[in-house]
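[1] Fold the stuff below for me.
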Amino acid sequence: MGFSFFSSPKRLVGLDIGSGAIKLVQLERVGKGYQLKKFGVKPLDSELIVDGTVMDAGRVIDIIKELVEEQDLQSKEVAFAVSGHSVIVKKIQLPVMSEEELEESIKWEAEQYIPFDINDVNIDFNILESSDPEEASDQMDVLLVAVKREKLSEYTTIVMEAGLQPVIVDVDAFTLENMFAINYDIKQGEVVALVDIGASVMNINIIKGGLFAFTRDISIGGNRYSETIQREFNLSFEDAEMAKRGEKIEGVDQEALLNIIDLLNEKIASEVIRSFDYFKTTSSNDEIGRILISGGCSKVLNLVSHLSEKLNVPVESTNPFRNIEVSDTAFDPIYIEEMAPLATVGVGLALRAVGDR
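    Predicted coordinates:
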């Protein structure tokens, strides 16, 4: 099977296999827009997938099967995504050449940028549009993606053993772009940061005028809060999860809890600032105009306000269903609103179609 990381039919089911939950999204094309057809979320125990590595494949397969059965899913063709240490995404400059010429030389070009053995990875590329189309140059920007074959094989096997057919493997960062493009207005030259914070990985994706500019995965997420709170107050993981979102838990001192959450919010903010600073050194000091935050960790107490204050940039929660028709009779509006931050990658995947590049 060939793997493709980039896109422009038959719509695929989006299957987001995260460390904290598995999310399934199916969209249907309606006129010029989209309608939500299926949406389900199944939480995962924290020890099943750790830092993107599957620790108990059998249990993960069973949970995907349960989700598919609950959703009465008829279509078996899916798109899923990968992120974390096994994935390298780099924007590189190469002499101008055709896509066919680049196809032949990409392996040799990639070797100097990939910290893995080139024979152990699957490579894909995309020639990026210039941010200034009138500027003549003998160089072109190329987005290079490499994923360890071992990681691809692990996730592909899980999806297939759950009775599904993997058609496209994407990268979390690019699914966020897809989701953003259909839900939010793209202003000329505006720099937007899409920050998705899952259970164990935070993905930062920066786009300028709707075009890719920068991405970084960081191994920090919602589990860091839950584990710290669990240890500090001797709680179950489930109670710690509720406490970090601001729910009152018996025996938990609110002031001590807020101190812990503030410290971890500060850690997240520091990583975001570090990523932004690095981006600025590579991009003529472009200023980030706004931040859209998503993922389960985005619901942590005070995180949105803390980020906005520290970064001095407007921060808002992402709504991946903003421009998607969602039937109030087919879906509980309260559930959709509550789960929307977890659906960003799934929606981005569900926008992919059979035959995408």
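[2] Just give the nearest non-adjacent residue to Ala243, would you?
    Leaving aside its sequence neighbours, Ala243 sits nearest to Ile249 (CB to CB, 6 or more residues apart in numbering; 4.7 Å). C-beta here means a position set from N, CA and C on the backbone, and glycine is covered the same way.
[3] what ranges do the strands span in the stretch 201-350 of the chain?
    Under the criterion DSSP state E, counting those that start in this stretch, strands of the stretch 201-350 of the chain are mapped to 202-208, 211-218, 290-294, 315-317, 324-325.
[4] Report the strands that pair with the first one, each with its relative direction.
    Strand pairing for strand 202-208, determined by DSSP bridges: strand 191-197 (antiparallel), strand 211-218 (antiparallel).
[5] ok, the residue lying farthest from the centre of the chain - contacts?
    Counting by CA atoms, centre = their mean, the extreme residue of the chain relative to its mean C-alpha position is Gly251, 35.0 Å from that point. If you count contacts by CB atoms under 8 Å, 6 or more residues apart in numbering, Gly251 has them with Phe233, Leu235.
[6] Any figure for the gap between it and Asn234?
    Per CB to CB, to the nearest Å, Gly251 is found 8 Å from Asn234.
[7] just Ser298 next, same as before
    27 Å.
[8] Looking at the two, which one has more neighbours?
    Each of Ser298 and Asn234 has its neighbours counted (other CB atoms under 10 Å); Ser298 has more, 24 against 10.
[9] Any idea which of the strands paired with strand 202-208 has the lowest pLDDT on average?
    Mean pLDDT is lowest for strand 211-218 out of those, coming in at a mean of 90.
[10] Contacts for it next, please.
    Residues from elsewhere that reach strand 211-218 (CB under 8 Å, 6+ apart): 83-85, 87, 89, 91, 128-129, 131, 143, 172-174, 177, 191, 201-207, 271, 275, 278-279, 282-283, 286.
[11] pLDDT on stretch 326-335, on average?
    Averaged over stretch 326-335, pLDDT sits at 95.
[12] Could I get the buried residue list for that stretch?
    Val326 (16 or more other CB atoms under 10 Å).
[13] Check stretch 263-272 too.
    Under 16+ other CB under 10 Å, the buried positions of stretch 263-272 are Leu264, Asn265, Ile268, Ala269, Glu271, Val272.
[14] Tell me who's in contact with the fifth one.
    This points to Glu271. Residues in contact with Glu271, defined by CB under 8 Å, 6+ apart, are Met202, Ile218, Ile220.
[15] With adjacent residues omitted, what lies nearest to the first one?
    Taking CB to CB, 6+ apart as the measure, Met202 lies nearest to Ile218, with 4.6 Å between them; neighbours along the chain are not counted.
[16] State the distance from that neighbour to Gly198.
    Ile218 is 11 Å from Gly198, where distance means CB to CB.
[17] same deal with Leu12?
    From Leu12 to Gly198 the distance is 21 Å (CB to CB).
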